[in-house]
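**Q** Give me a model of this one.
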Amino acid sequence: MIRPSLQTVFGPAAWLPRMSLPRMSLPALPLPALPLLALAVSLTLGLATAPVAQAVSPYESLAGSSPVTPDQLEAELAWRNAAHIHPQIASLYAYWGARYGIRADLAFAQMLHETNSLRYGGLVQPWQNNFAGIGATGPGHPGYSYPSPEAGVIAHYQLLRYYIDVRGCRTLKDLDGRWAVPGWGYSDAISLYASEIQGINPRGVFRGSFNELPGAPASGLSTHFYFTWYDDKRENGMAGNWILVGNQGSGTTTVEIKIAGQKMRDPSHPANDFFTIPEGGRITPVFPGLMAGPVEVISTSGQPLIASQRVLFHDSFNEVMGTPEEKLTDSYEFTWYDNKRENSMAGNWVLVSNHGSEPADVEISIGGVLMASYTAAGGNAMAPGAIVTPVFPGVMNGPVTVRSTNHQPLIVSQRVLFKESFNELMGYPSANLGSEYLFTWYDSLKVNGMRGDWTLVANRGAEPADVDIFVANELKARYSAVTGNAIPVGGMVTPQFSGLMAGPVRVVCTNGQPLMASQRVLNRDSFEEVQGTSPSALASDQLFTWYDSLAANYMYGDWVLVANRGTGDANVEIFIGGQKMRDPSNPGNDFFTIPEGGMITPQFGGVMNGPVRVTCTSGQPLMISQRVLFKYSPVLIHIP
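**A** Coordinates of the predicted model:
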């Protein structure tokens, strides 16, 4: 943009006041706090009262106090340009914005726009410390230079103050054609940057998401995995869909990936309709523009695999593990179904695929009510390999049961759109229902961006269920005949525990009734659900396909949560891509020690690799999950 020269107001040096910048220090985060924006909201299980975020408007006032912290400013810059050379610039903009009475988020957004996120590439050069193109009027006139980044920030604010007080520019919109000539779209571009600093996209939806994925026991590896669906259509909002496959066996393996029965070709070797994976290696193919299902991943040479599907939908991230062929069954359960538009639900599909050798008669029930049936008698039985994807508008209830009445093996999942986020949850086999479940973590802190964290418990037994819920070994809820609130047959409870962040979580039926349990989390404008883990599924050796904490990939938190559920201290090793990781709290150690009943929550900054293996060398059973923040940068807050 071409700007008028303002030599009389902004000559090079002497006018700059010399004020000392206060030292900025950031306290350490003790736990996987998902530390985000503080939001005061009240939610029901239906998520009905979640407020709508407001994108920054070009008509907002330039003057005033900033709604964001220096950490949010720095996070936005690091997301766009992790290699920038001004480590204090966010603190400088926050400090001097307060001194000049100008919104630091708007000034910082203008800086991002003017400097291409400090990559430059135009008239102004990095050494000039000119963050607003001041005096840059065309070829041969690159603008003013300032002796330090602080001086450049002050110059930016003084020029903004001049435009506000002298030229009458009260809003961003007023800068069009004045600060920038001709200025078409100038304020719109800055307001977009400012919205994204606050984590809001132009459609008024908070950007980013939270995802949790339980570990897969190494004993549960298979040569044949299933997923219900694959969608990489951009018109559906999909920004990427990767099938991740790791070879956990000895020697090279040959793998086939089938989608809707069709063998997929290796994008790296289009002549091949198979993939070759070396021992310990992995592949991460994506198949652009394809939407179909189900998906099969098959090791034709017999080596055991680990497989997952990682999906980007708009500004949200979701990962789901493949279901081993050996674990297919004829009946699955979910705790809940919600497709109410007033709850911001944009879609809730129950996906069912028949993997038997005969047509499958299938019934889907919600809250004990038959919602859909596919039967030979009705003329719509599911053929072998077929898939159905029903949706039930306006329904909110639970639990959900999907079963084949003629006992054909199925693969079942629930795919949910909440606002602009996507979540997929695999069905829980009815045959595996038990009286006790575990989760690694609970977080309902508003300062962490949590708008709701529900522990859903359904009684699937023949008698009323007495149920206790513990968080970090402390009793938080009790439902019993003695207290008059036992969970009735077919009934469910959905408690929340306000202002609590701790773990692990234990749900136990003290009178032995089989339960179904899940945890549903609303993090800002994204939704996530994870199934409880039965103690019988705990293992001392567990796997994930991938780890990514690269800011360049918009990953702003990737915690590996490990809880010791055994007796005595557990010695734990974590490998990523075959490399043993060091304890960030004790860098001299390439192992972790977890006391009985305790847990660890390490992150490994700047690492992207896979697969991930967590193994307890002392043999204790572990509860493990991976919690990921995508496209939303945490505000660094100390949480005691």
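
**Q** Give the closest residue to the spatially most central residue of the chain in space, chain neighbours not counted.
**A** Residue closest to the mean C-alpha point of the chain, counted by Cα atoms, centre = their mean, is F210 at 2.8 Å. Spatial nearest neighbour of F210, excluding adjacent residues (Cβ to Cβ, 6 or more residues apart in numbering): N523 at 3.9 Å. Backbone N, C-alpha and C define where each C-beta goes, glycine included.

**Q** Distance-wise, check the one you found relative to N380.
**A** 39 Å (Cβ to Cβ, to the nearest Å).

**Q** domain parsing for the protein?
**A** Annotated domains of the chain cover 70-197, 209-630 [automatic domain parsing].

**Q** Figure out which of the ones you listed is closest to S61.
**A** S61 lies closest to domain 70-197 among those, at 6.0 Å (Cβ to Cβ).

**Q** so where's the stretch 401-550 of the chain shaky on pLDDT?
**A** Residues of the stretch 401-550 of the chain meeting the criterion pLDDT under 70: none.

**Q** let's see it at 80
**A** Applying pLDDT under 80 to the stretch 401-550 of the chain flags residues 447, 449.

**Q** Helices of that one, start to end?
**A** Assigned by DSSP state H, counting those that start in this stretch, the helices in the stretch 401-550 of the chain number zero.

**Q** so I364 touches P399, yeah?
**A** No - I364 is not in contact with P399 according to Cβ atoms under 8 Å; the separation is 11.6 Å.

**Q** ok, the two, which is more surrounded?
**A** Legend: neighbour count by other Cβ atoms under 10 Å for I364 and P399, higher for P399 (24 against 21).

**Q** Who are the contact partners of that one?
**A** Contacts for P399 (Cβ atoms under 8 Å, 6 or more residues apart in numbering) come out as 333-336, 366-367, 458, 460, 492, 516.

**Q** So it versus L370, what's the distance?
**A** From P399 to L370 the distance is 14 Å (Cβ to Cβ).

**Q** N81: how many residues sit nearby?
**A** Count around N81 with other Cβ under 10 Å applied: 18.

**Q** hang on, I meant V391
**A** Neighbours of V391 (other Cβ under 10 Å): 13.

**Q** same thing with the one 3 residues further on?
**A** Using other Cβ under 10 Å as the criterion, G394 is surrounded by 9 other residues.

**Q** so it makes contact with D338?
**A** No - applying Cβ under 8 Å, one finds G394 not in contact with D338, separated by 10.0 Å.

**Q** So which of the contacts of P399 belong to strands?
**A** 333-334, 366, 458, 492, 516 (DSSP state E).

**Q** from these, which two are the most distant?
**A** Farthest pair in the ones in strands among the contacts of P399, by Cβ to Cβ: I366 and M516, 13.1 Å.

**Q** surely T69 meets A94?
**A** Yes - using Cβ under 8 Å, T69 is in contact with A94, at 7.2 Å.

**Q** Can you pull out the low-pLDDT segments for the stretch 201-350 of the chain?
**A** 201-208.

**Q** Next one: A218 from I277, what distance?
**A** In terms of Cβ to Cβ, A218 sits 17 Å off from I277.

**Q** still on that earlier bit, run through the bridge partners of the residue nearest to F210.
**A** Beta-bridge partners recorded for N523 (DSSP bridges): M450, S526.

**Q** so what's S625 scoring on pLDDT?
**A** Note on S625: pLDDT of 96.

**Q** Quick check: bridge partners of it?
**A** Residues in a beta bridge with S625, per DSSP bridges, are P214, L561.

**Q** Can you tell me how far it is from P595?
**A** For S625, the distance to P595 - Cβ to Cβ - is 19 Å.

**Q** coming back round to it: so I366 and M516 - more neighbours on which side?
**A** M516 (25 against 22).

**Q** so where do the helices sit in the stretch 51-200 of the chain?
**A** Using DSSP H, counting those that start in this stretch, helices in the stretch 51-200 of the chain cover 70-80, 89-100, 104-115, 149-165, 186-197.

**Q** For these, which has the smallest mean pLDDT value?
**A** Minimum mean pLDDT among the helices of the stretch 51-200 of the chain: helix 70-80, a mean of 83.

**Q** what about it, distance to the chain center?
**A** From the chain centre to the centre of helix 70-80 is a distance of 18 Å (Cα atoms, centre = their mean, to the nearest Å).

**Q** swap in stretch 337-350?
**A** With Cα atoms, centre = their mean, you get 19 Å for stretch 337-350.

**Q** Ends of it, what's the gap?
**A** Stretch 337-350 stretches 9 Å from its first residue to its last (Cα to Cα, to the nearest Å).

**Q** got a list of contacts for it?
**A** Against stretch 337-350 from outside (Cβ under 8 Å, 6+ apart): 46-48, 50, 364, 366, 372, 389-398, 400, 402, 412-420.

**Q** related to what we said a few turns ago, who has more neighbours out of A218 and I277?
**A** I277 (21 against 17).

**Q** Next, the contact list for that one, please.
**A** Counting by Cβ under 8 Å, 6+ apart, I277 touches 245-247, 252-255, 283.

**Q** hmm, try it at 7 Å
**A** By Cβ atoms under 7 Å, 6 or more residues apart in numbering, the residues touching I277 are 245, 247, 252-253, 255, 283.

**Q** Number of residues surrounding the closest residue to G491 other than its chain neighbours?
**A** Nearest residue to G491, sequence neighbours excluded (Cβ to Cβ, 6+ apart): N459, at 5.5 Å. Neighbour count for N459, taken as other Cβ under 10 Å: 25.

**Q** next one: M501
**A** Close neighbours of M501, defined as other Cβ under 10 Å, add up to 23.

**Q** same check, this time on G427
**A** 24.

**Q** From D266, how far off is the closest residue to it other than its chain neighbours?
**A** The shortest distance from G427 to any non-neighbouring residue, by Cβ to Cβ, 6+ apart, is to Y332 (2.9 Å). For Y332, the distance to D266 equals 32 Å [Cβ to Cβ].

**Q** Comparing these two, which residue is more hemmed in?
**A** Set Y332 next to D266 and count neighbours by other Cβ under 10 Å: Y332 wins out with 26 against 16.

**Q** quick one, what contacts I624?
**A** Counting by Cβ under 7 Å, 6+ apart, I624 makes contact with 214-215, 542, 561-562, 614.

**Q** Nearest to Q303 among those?
**A** Once Cβ to Cβ is applied, the member of the contacts of I624 that ends up nearest Q303 is Q542, at 18.7 Å.

**Q** who touches the closest one in this structure?
**A** Q542 neighbours (Cβ under 7 Å, 6+ apart): 215-218, 614, 622, 624.

**Q** Without its sequence neighbours, what residue ends up closest to it?
**A** G215 (3.4 Å).

**Q** re earlier: from memory the residue nearest to G491 sits against I487, does it?
**A** Yes - look at N459 against I487 with Cβ atoms under 7 Å: they come within range, at 4.2 Å.

**Q** which residues do these two both contact?
**A** Counting by Cβ under 7 Å, 6+ apart, the shared contacts of N459 and I487 are A465.

**Q** quick one: average pLDDT of stretch 119-126?
**A** 88.

**Q** Now find how far off-centre that stretch is within its chain.
**A** On Cα atoms, centre = their mean, the centre of stretch 119-126 falls 34 Å from the chain's centre.

**Q** With just CA atoms, put that stretch into PDB.
**A** The C-alpha coordinates for stretch 119-126 follow below in PDB (Å, rounded to 0.1, in the frame of the first residue of the first chain):
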ATOM      1  CA  ARG A 119       8.400 -12.100   6.700                       C
ATOM      2  CA  TYR A 120       8.400  -8.700   4.800                       C
ATOM      3  CA  GLY A 121       9.200  -9.100   1.100                       C
ATOM      4  CA  GLY A 122       8.100  -5.600   0.100                       C
ATOM      5  CA  LEU A 123       9.700  -2.100   0.400                       C
ATOM      6  CA  VAL A 124      10.500  -2.300   4.100                       C
ATOM      7  CA  GLN A 125      13.300  -4.500   5.200                       C
ATOM      8  CA  PRO A 126      13.500  -6.400   8.600                       C
END
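
**Q** Alright, I will stop here.
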